[in-house]
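1. Task: produce atomic coordinates for the following.
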Amino acid sequence: MRKNRPFGLTIIISAFILFNSACAQNPYSGQAYVAEQRQVQASTVLLNNQKDIIPLKDLAKKKMASIRFSNAFAAGFDSLLNNYAKVETFNGTDYLGAKSMEDLSRDVKLYNTLIVQLTEADIANTRIIDFIKANQKLKNIVVAYFGRGTQLVNLNDFNGPIICAERITPVSSNFVAQAIFGGIAITQKLTAAYTQQLTPGMGFTTKQIRLQYTVPEEVGIRTENLADIDKIAREAIAQHATPGCVVLVAKDGKVIFNKAYGFHTYEPVVQNKVTDIFDLASMTKISATTIEAMKLVDEGKLDINATIADYLPEAKNTPVKDVKIWEILTHQAGFIADIPTFEVVKPQEHSVDSSAAYPTKVNEKYYLIKDYFKNVMWPKMLRGPLKTRGQYVYSDVGMCVLQQIIENITATNEAEYTQKQFYAPLGMQTAGFLPLYRFSADRIPPTEVDRKYRKATLKGYVHDPTAALMGGVAGHAGLFADAIDIATLYQMLLNGGTYGGEEYIKPATVKQFTAKYSNVSRRGLGFDRWDPATDKKYPSEFASDQTFGHTGFTGTCIWVDPKYNLVYVFLSNRVYPDLSSKLTSLSIRPRIQDVVYQAIEKGME
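-> Here you go, the predicted model:
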């Protein structure tokens, strides 16, 4: 890599940034954090794990709650748990006062997995121990114990896993929370006797199976060498390229940078957070439709050399009948870029109120007539002329057709299928279509102010017009997610299709789809890729030729570089309040990516 951009003001990235604000108590940063983490790892052991409960698996089947009592660093602990899965938090001290421990048992009755944080003082409290013993008969309980083990005898009758951390620091709370989900490995065994039953040599070791959340120094990068990310992000906001953004970087399976900038709009009212949920636009093509296709290829249910008519009987007498699946995925099928949308919707085809006649919600006060997609949009997609077949023409239509194929094979709506097969098992809490059914609009930065057709600010409703008229679930757009969820999904692909101890896609299929496949473009199967034209510097001046990912019209991107074991996520709402091209003209996304590569290079010097 060439060095061509000097670094600006050095900014130390605090624990506030790295651990989503809940670890603001953390006084460590950089090498000090790494040094403390090593001491924590050397003095932390896992006991009673005969049933292989730790790391937690089968996340989609678990309803989890975390119960804290006197752990001073519980906020950071609970925040990190929620990076892996939805974990409700309970303040156990409330039940040691006005409420009773029986009340706590009733309040957690709908959870099948309890994570109980204990200190030396807590483990000496018989009311807490009785609660644990009473509930272990019906629930999986994991004890996170912070102390020297002097009171562990009180847990002799407890048969669930116990993670014992001798050091009582913010870093040890971070470590144990991540170890529960396999974000970090437990490597040590007992070196001294804790009780008559717990003797030297006892303990269980684990492996890292999910993302770890740490500091750049953990992977040999100096925090100050990422400082220009701040500078470029602030430039984007100052130049009105976007009201704000979120940047996440993961290297070697470790999230080393996760920071939000700016506000939801140019009015400084709602500040962006790393947990905000963005409209991913065309990132949907690979984050939903393509990975579905990959899974179906693995299962022998989809053949990329088969034709549309092989899977859709209604296509047999249409111009698209002989188009092959791989042609759709490489954008060489000849489909036009998109079909006409709101401009051709007739007044009698939409209403301000929902009803049996107008069931499809586009956004507030805009409902489409029943079967609009089937009767109007779908025929246009199937019967459009294929004038450019064999050439590269980027098309949303092709991915909509592939969606219909996948739904026909699976007999499941794309939104439901992706949740069941990928997002829920991976622990992705925000990813999905139609986010307003699950989340408050306050978590979703708005996109365009549509003054012409929808006559509303689009907030939680998909920006893309075609996807909107399809009811918000489409093969090319409609997916929403936060940065952590995106990083999780693409770490799975970087791992060769495996994450959290489960295989989602076969390694050979990941390699086939993400490699260059087209003879007329840089594209893979569904995935965009590194461009060999050096003057384009796409997606980054320093990206390797193995890089794959995609951008989104709303100002988003995901790029995975296997050579550097790197995942880069950029989320923004650059289309608010109106479309702006400045994010592209100022090269905001690639310049931030360049900073990461340069920091990696400096770390190797």
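
2. Distance of Tyr266 relative to Ile444?
-> Applying Cβ to Cβ, to the nearest Å, the value for Tyr266 to Ile444 is 17 Å. Any C-beta I mention is one placed from the backbone N, CA and C, and that applies to glycine too.

3. With neighbour numbers in mind, choose between those two.
-> Neighbours were counted for Tyr266 and for Ile444 using other Cβ atoms under 10 Å; Ile444 has more, 23 against 14.

4. Tell me the predicted confidence for Asn4.
-> Looking at Asn4, its pLDDT is 36.

5. What's the mean pLDDT across stretch 429-445?
-> Mean predicted lDDT for stretch 429-445 stands at 97.

6. what comes up buried for that stretch?
-> Neighbour-count burial for stretch 429-445 flags Gln429, Thr430, Ala431, Gly432, Phe433, Leu434, Pro435, Leu436, Phe439, Arg443, Ile444, Pro445 (criterion: 16 or more other Cβ atoms under 10 Å).

7. That one: how far from the chain's middle?
-> 13 Å (Cα atoms, centre = their mean, to the nearest Å).

8. Please save the CA atoms from it in PDB.
-> The C-alpha coordinates for stretch 429-445 follow below in PDB (Å, rounded to 0.1, in the frame of the first residue of the first chain):
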ATOM      1  CA  GLN A 429     -31.600  -8.100  16.700                       C
ATOM      2  CA  THR A 430     -32.300  -5.200  14.400                       C
ATOM      3  CA  ALA A 431     -31.900  -6.700  10.900                       C
ATOM      4  CA  GLY A 432     -35.100  -7.300   9.000                       C
ATOM      5  CA  PHE A 433     -37.700  -5.800   6.800                       C
ATOM      6  CA  LEU A 434     -40.600  -3.500   8.000                       C
ATOM      7  CA  PRO A 435     -38.700  -2.300  11.100                       C
ATOM      8  CA  LEU A 436     -41.700  -0.200  12.400                       C
ATOM      9  CA  TYR A 437     -43.400  -3.400  13.400                       C
ATOM     10  CA  ARG A 438     -40.600  -4.100  15.800                       C
ATOM     11  CA  PHE A 439     -38.900  -0.800  16.800                       C
ATOM     12  CA  SER A 440     -39.700   2.700  17.700                       C
ATOM     13  CA  ALA A 441     -39.200   5.200  14.800                       C
ATOM     14  CA  ASP A 442     -36.900   7.100  17.100                       C
ATOM     15  CA  ARG A 443     -34.200   4.500  16.400                       C
ATOM     16  CA  ILE A 444     -34.400   5.000  12.600                       C
ATOM     17  CA  PRO A 445     -32.800   8.000  10.900                       C
END
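
9. got a list of contacts for it?
-> 82, 85-86, 243-244, 264-265, 270, 272-273, 275-279, 287-288, 414-415, 418-419, 423, 459-461, 472-473, 478-482, 485-486, 489, 573, 576 (Cβ atoms under 8 Å, 6 or more residues apart in numbering).

10. quick one: the helices in the stretch 151-300 of the chain?
-> Listed from the start of the chain, the stretch 151-300 of the chain has helices (DSSP state H, counting those that start in this stretch) covering 170-181, 228-238, 284, 291-298.

11. which one of these is the most hemmed in?
-> Most buried of those by mean neighbour count (mean count of other Cβ atoms under 10 Å) is helix 284; its value is a mean of 31.

12. what comes into contact with it?
-> Ala467, Ala474, Gly475, His476, Ala477, Gly478, Leu479, Gly552.

13. before we move on, back to that, generate a markdown table for the buried residues of stretch 429-445, with distance to Ile237 and secondary structure as supplementary columns.
-> Listed next are the buried residues of stretch 429-445 as a markdown table, based on distance: Cβ to Cβ, whole Å; DSSP: H, G, I helix; E, B strand; the rest coil:
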| residue | distance to Ile237 | secondary structure |
| --- | --- | --- |
| Gln429 | 27 | coil |
| Thr430 | 23 | coil |
| Ala431 | 26 | coil |
| Gly432 | 28 | strand |
| Phe433 | 28 | strand |
| Leu434 | 29 | coil |
| Pro435 | 24 | helix |
| Leu436 | 26 | helix |
| Phe439 | 24 | coil |
| Arg443 | 20 | helix |
| Ile444 | 19 | coil |
| Pro445 | 13 | coil |
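
14. which SS class is Leu46?
-> strand (DSSP: H, G, I helix; E, B strand; the rest coil).

15. What strand or helix carries the closest residue to Gly160 other than its chain neighbours?
-> Take Gly160 and drop its neighbours on the chain: the residue closest to it by Cβ to Cβ, 6 or more residues apart in numbering is Ile141, 4.5 Å away. Element membership of Ile141, judged by DSSP states H and E, is strand 140-146.

16. Give the other helices and strands that that strand contacts.
-> Helices and strands touching strand 140-146, by 3 or more Cβ pairs under 8 Å, 6 or more residues apart in numbering; DSSP states H and E, are strand 113-119, helix 126-135, strand 162-165, helix 170-181.

17. which parts of it are buried?
-> So, applying 16+ other Cβ under 10 Å, buried residues of strand 140-146: Asn140, Ile141, Val142, Val143, Ala144, Tyr145, Phe146.

18. Low-confidence regions, this protein specifically.
-> The model of the chain has pLDDT under 70 over residues 1-27.

19. if you go through the stretch 401-550 of the chain in chain order, where are the strands?
-> 432-433, 449-450, 456-457, 479-481, 498-499, 502-503, 528-529, 548-552 (DSSP state E, counting those that start in this stretch).

20. quick one, which of those strands is packed in tightest?
-> Each of those was scored by mean neighbour count; the highest is strand 479-481, a mean of 29, by mean count of other Cβ under 10 Å.

21. Name all residues that make contact with the residue nearest to Lys51 when sequence neighbours are not counted.
-> Nearest non-adjacent residue to Lys51, counting by Cβ to Cβ, 6+ apart: Pro161, 7.9 Å away. Applying Cβ under 8 Å, 6+ apart, we find Pro161 in contact with Leu46, Leu47, Asn48, Asn49, Lys51, Ile53, Ile54, Val142, Val143.

22. Same question for Tyr84.
-> Leu56, Leu59, Gln178, Phe181, Gly183, Arg210, Gly427.

23. ok, so of those, who is nearest Arg106?
-> Nearest to Arg106 out of the contacts of Tyr84 is Leu56 (Cβ to Cβ; 23.9 Å).

24. right, and that closest one touches Thr113 too?
-> Yes - counting by Cβ atoms under 8 Å, Leu56 does reach Thr113; the two are 7.1 Å apart.

25. returning to that earlier point: would you reformat the buried residues of stretch 429-445 as TSV and include distance to Phe69?
-> Formatted as TSV, the buried residues of stretch 429-445 follow (distance: Cβ to Cβ, whole Å):
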residue	distance to Phe69
Gln429	26
Thr430	30
Ala431	33
Gly432	34
Phe433	40
Leu434	39
Pro435	35
Leu436	37
Phe439	30
Arg443	30
Ile444	35
Pro445	37
